[in-house]
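> Show me the folded form of this:
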Amino acid sequence: MKTTKEIVKFGSQLFLASAIYMVNTYTDMLLVGYFLTNKDVGVYAIAIAFSKSFLVIPDAISTVTYPVISEYNGKGQHKAIETLINKSIKYSLVILSVLGILIIFFSEDIILLLLKPEFLPAITPLTILILGMIFFGAVSSIGTAFSGIGRPDLNFKLNIPVLFVNLGIDIVLIPIFGITGAAIGTAISLSLLTILTIYLLDKILKVKIDIWWHTKALTIIALIIITFFMFKDWMNSYLLVGILFAGYLILVGKFLFTNEDKSDFRKTVKQIFKRDSY
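A predicted model of the protein is given here:
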């Protein structure tokens, strides 16, 4: 009977956390439909679809980190948990930033190739959403860490305030800025969820995240994207993309990755693709 109660309690907490997260995910879309037109809903749906497309990467990583964190926690190896979490977030951020930057750089070409010019207004909200997704996606690679230590209730508690923040921002910004306002609200809410997760990782698991490293990484990403939009109308876009992308990879290798990181990163990528091939 005790085991059954524990299973029901654990499962219900997971369900509630997933339900709140799903409501939070679709809040912006529902409010765009309420405040704006059907055309706006269609354009924003494209931005959402593209921005979420590469979250399969942290999802794949989380399938690896979840049982490992659970095993380390059971053995009391908290230092190993800290190392695993920091490396998972770091490598996810680099992978997602590479994919995100490429999607932003080629967003116009992708939309014109797959859709129609009527969907080009999706570029601005797409850029904003991707920036939020990069930040959020990196931490979501270890989003099951709390469940791994037997505390699924923390995911539920984290998502409740984020839901209300997202709702409030969307109600204010969507009537003023349209789908761009919805993207801003979603990006802010995802960033808030990420910050709260990092805070609880420190408070509950005593895991210290290297904030300075992530600050450097996010600054480099922002500068690369800002430079692209500043110069894209002044020079050949493909040449500009090539220069900026090569520059980004050089900066990552020089300022963000040690030799050990590079070796571990290659192993992690191989493990992800090996698992996805099953």
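
> Tell me which other helices or strands the helix or strand hosting residue 45 touches.
For residue 45, the element it lies in under DSSP states H and E is helix 38-52. When contacts are defined as 3 or more CB pairs under 8 Å, 6 or more residues apart in numbering; DSSP states H and E, helix 38-52 packs onto helix 2-35, helix 107-114, helix 123-140, helix 179-205. All C-beta atoms are positioned from the backbone trio N, CA, C, and that covers glycine.

> can I have it written out in PDB, keeping just the CAs?
What follows is helix 38-52, C-alpha atoms only, in PDB (Å, rounded to 0.1, in the frame of the first residue of the first chain):
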ATOM      1  CA  ASN A  38      -6.300  34.300 -38.000                       C
ATOM      2  CA  LYS A  39      -3.500  35.300 -40.300                       C
ATOM      3  CA  ASP A  40      -1.400  36.400 -37.200                       C
ATOM      4  CA  VAL A  41      -2.100  33.000 -35.700                       C
ATOM      5  CA  GLY A  42      -0.800  31.300 -38.800                       C
ATOM      6  CA  VAL A  43       2.400  33.400 -39.000                       C
ATOM      7  CA  TYR A  44       3.100  33.000 -35.300                       C
ATOM      8  CA  ALA A  45       2.500  29.200 -35.500                       C
ATOM      9  CA  ILE A  46       5.400  29.100 -38.000                       C
ATOM     10  CA  ALA A  47       7.700  31.000 -35.700                       C
ATOM     11  CA  ILE A  48       6.800  28.700 -32.800                       C
ATOM     12  CA  ALA A  49       7.300  25.500 -35.000                       C
ATOM     13  CA  PHE A  50      10.800  26.600 -36.200                       C
ATOM     14  CA  SER A  51      11.900  27.800 -32.800                       C
ATOM     15  CA  LYS A  52      11.000  24.500 -31.100                       C
END
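
> remind me which residues of the stretch 151-278 of the chain are low pLDDT?
Within the stretch 151-278 of the chain, the segments meeting pLDDT under 70 span 262, 264-278.

> Can you show me the helices along it?
Along the stretch 151-278 of the chain, counting by DSSP state H, counting those that start in this stretch, helices occupy 153-177, 179-205, 211-231, 237-251, 259-276.

> Can you check what angle separates the helix holding residue 45 from helix 107-114?
Here helix 38-52 points in a direction 110 degrees away from that of helix 107-114 (axes from the mean of the first three to the mean of the last three CA atoms, to 10 degrees).

> Helix 38-52 vs helix 153-177, what angle?
140 degrees.

> Tell me the buried residues in helix 38-52?
Under the neighbour-count criterion of 16 or more other CB atoms under 10 Å, helix 38-52 has 40, 43-48, 50-51 buried.

> correct me, but residue 130 touches residue 106?
No - at 12.0 Å, residue 130 does not count as touching residue 106 under the criterion of CB atoms under 8 Å.

> who's more crowded, the two?
Ranked by neighbour count (other CB atoms under 10 Å), residue 130 and residue 106 place residue 130 first, with 29 against 14.

> quick one on the thing from earlier: with respect to burial, which of the helices and strands packed on helix 38-52 scores highest?
Neighbour counts (mean count of other CB atoms under 10 Å) averaged over each of those peak at helix 123-140, with a mean of 24.

> related to what we said a few turns ago, mind putting the helices of the stretch 151-278 of the chain into a markdown table with distance to residue 94?
Output for the helices of the stretch 151-278 of the chain, formatted as a markdown table (distance: least, CB to CB, whole Å):
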| stretch | distance to residue 94 |
| --- | --- |
| helix 153-177 | 24 |
| helix 179-205 | 16 |
| helix 211-231 | 7 |
| helix 237-251 | 10 |
| helix 259-276 | 7 |
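
> Please identify which of the buried residues of helix 38-52 is nearest to residue 198.
Using CB to CB, residue 51 comes nearest to residue 198 of these, at 21.3 Å.

> Quick one: residues contacting the closest one.
Listed by CB atoms under 8 Å, 6 or more residues apart in numbering, the contact partners of residue 51 are 103, 126, 129-130, 132-133.

> For residue 108, which residues are in contact?
Counting by CB under 8 Å, 6+ apart, residue 108 makes contact with 120, 123.

> Look up how far residue 223 lies from it.
Residue 108 is 21 Å from residue 223, where distance means CB to CB, to the nearest Å.
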